[in-house]
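Peer 1: Next one to model:
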Amino acid sequence: MGDRWHVEVDRGVCIGSGMCVNHAPDGFRLDAARQSHPRAPETDAGELLLAAAEGCPVEAILITLAEGGEPVFPPEE
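Peer 2: You can find the predicted model right below:
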């Protein structure tokens, strides 16, 4: 069994670019105010979700391991 991720979007930072939906349409949706929301706050780890987080122009997407809370993106320095 693979890793599970907790995905959240900081809507105070989100600018509604839609890049997350372009990268991972099954992972994110935009509401009427063009704010991003994860479709499932906890999900299986996946390259498309990581690409969405990496492609966010304002780094509003935070991914941590569901068990333990270690950061996946953005990585700790």
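Peer 1: Closest to the centroid, which residue in this structure?
Peer 2: In the chain, the centroid-proximal residue (Cα atoms, centre = their mean) is Ile61; its distance is 4.2 Å.
Peer 1: separation between the closest residue in space to that residue that isn't next to it in sequence and Glu67?
Peer 2: Excluding the flanking residues, the one nearest Ile61 by Cβ to Cβ, 6 or more residues apart in numbering is Ala53, at 4.0 Å. Just so you know, the C-beta spots here come from the backbone N, C-alpha and C atoms, and that holds for glycine as well. Counting by Cβ to Cβ, to the nearest Å, the gap between Ala53 and Glu67 amounts to 19 Å.
Peer 1: still on that earlier bit, dump the residue contacts of the residue nearest to Ile61.
Peer 2: With contacts defined as Cβ atoms under 8 Å, 6 or more residues apart in numbering, Ala53 is in contact with 20, 59, 61-63, 72-74.
Peer 1: hmm, which of these are the buried ones?
Peer 2: For those, burial is judged from neighbour counts taken by 16 or more other Cβ atoms under 10 Å, and it is met by 20, 61-63, 72-73.
Peer 1: Need the phi and psi values for the residue nearest to the centre of the chain.
Peer 2: phi -100, psi 130 (degrees, to the nearest 10).
Peer 1: these two touch, right, it and Met19?
Peer 2: No: the pair Ile61 and Met19 fails to qualify as a contact (Cβ atoms under 8 Å) at a distance of 9.5 Å.
Peer 1: Need the residues touching each of these two.
Peer 2: Counting by Cβ under 8 Å, 6+ apart, the common neighbours of Ile61 and Met19 are Ala52.
Peer 1: hang on, Gly55 packs against Met19?
Peer 2: Yes: counting by Cβ under 8 Å, Gly55 touches Met19, with 4.8 Å between them.
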